[in-house]
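Q: Generate coordinates for the sequence data below:
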Amino acid sequence: EIYQCDWSSDVCSSDLLMEDDALDWSKFVHNAHWQRLGGLTYHHLRATGLLSEVPAVPQGHLKSAYVENTVKNVYLRTELGKVLRILKADGIPIIVLKGAALLEQIYGSVSIRSMSDVDLLVPEELADRAQALVETLGYTPSGSEEAQKRTRDEHRHLPSLVDADGIASVEI
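A: Residues are numbered from 1 along each chain as shown. Below is the predicted model of the structure:
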């Protein structure tokens with residue numbers, strides 16, 4: 001069974017995406033976007049030759065997600081390169097985590113995995129120094145001072161650093 005999910009509440013309901021053995025493409029695409037799987041869905045439908053079975057409008061929405069993933073991920077990878085260079089030049093050991101580490105090694109493409117930020121692991125005693133270096137690239141901590149403190153205390157990482165354009169986000 002395939003269930004419909006509500007974007008605004010992050011809750012999945014029992015409303016099925018199938019009615020009378022026909023897929024409700026609007027609900028399907030909505031759920032693909034909600035799960036941040038639009039680009040991956042488009043990739044697999046195209047790779048398996050099933051894209052022609054998808055009506056034009058939902059196909060266009062899935063393709064848009066694929067293109068948006070590509071553009072954003074290329075930008076994030078470029079920014080990641082700048083961050084890695086400055087941290088390595090200062091001798092800070094780094095491990096790239098999650099999406100940025102998986103893009104090419106697991107997915108084989110920058111287009112199919114959605115990413116919202118770049119996650120880096122550095123030794124705890126070097127985290128503040130790493131943040132200061134990233135800030136020299138024009139990144140600033142996001143959120144209020146209270147939210148930044150809560151992030152440090154409750155989530156055990158530094159507040160997200162956002163670039164001047166508000167597009168790239170780095171978590172240390």
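
Q: what separates the residue nearest the centre of the chain from residue 39, distance-wise?
A: Most central in the chain under CA atoms, centre = their mean is residue 115, positioned 1.5 Å from the mean C-alpha point. Applying CB to CB, to the nearest Å, the value for residue 115 to residue 39 is 10 Å. For glycine as for every other residue, the C-beta is placed from the backbone atoms N, C-alpha and C.

Q: anything in contact with each of these two?
A: Common neighbours of residue 115 and residue 39, counting by CB atoms under 8 Å, 6 or more residues apart in numbering, are residue 69.

Q: can you give me the helices for the chain?
A: Under the criterion DSSP state H, the chain contains helices at 25-34, 38-47, 56-89, 98-102, 127-135, 145-155.

Q: Ok, which of the ones you listed comes nearest residue 168?
A: With CB to CB as the criterion, residue 168 lies closest to helix 56-89 of the helices of the chain, at 4.2 Å.

Q: quick one, that closest one and helix 38-47 angle?
A: 120 degrees (axes from the mean of the first three to the mean of the last three CA atoms, to 10 degrees).

Q: Now do helix 56-89: distance to the chain's middle.
A: 8 Å (CA atoms, centre = their mean, to the nearest Å).

Q: same deal with stretch 110-122?
A: 5 Å.

Q: Distance across that stretch, terminal residue to terminal residue?
A: One end of stretch 110-122 to the other measures 24 Å (CA to CA, to the nearest Å).

Q: Show me which residues of that stretch are buried.
A: 110-115, 117-122 (16 or more other CB atoms under 10 Å).

Q: Same check on stretch 159-172?
A: Buried residues in stretch 159-172, counted by 16+ other CB under 10 Å: 159-163, 168-172.

Q: Nearest to residue 31 among those?
A: residue 169 (24.9 Å).

Q: mind listing what the closest one touches?
A: Residue 169 touches 116-118, 142, 160-163, counting by CB under 8 Å, 6+ apart.

Q: nearest residue to it other than its sequence neighbours?
A: Computed as CB to CB, 6 or more residues apart in numbering, the closest residue to residue 169 that is not its neighbour in sequence is residue 117, at 3.8 Å.

Q: Report how many residues lie close to residue 33.
A: Using other CB atoms under 10 Å, residue 33 has 19 neighbouring residues.

Q: Report the separation between the residue nearest to residue 169 and residue 49.
A: 34 Å.

Q: Out of the contacts of residue 169, which is nearest to residue 134?
A: Distances from residue 134 to the contacts of residue 169, taken by CB to CB, are shortest for residue 161, at 5.3 Å.

Q: show me the contacts for that closest one.
A: Taking CB under 8 Å, 6+ apart as the test, what residue 161 contacts is 131, 134-135, 139-142, 169-172.
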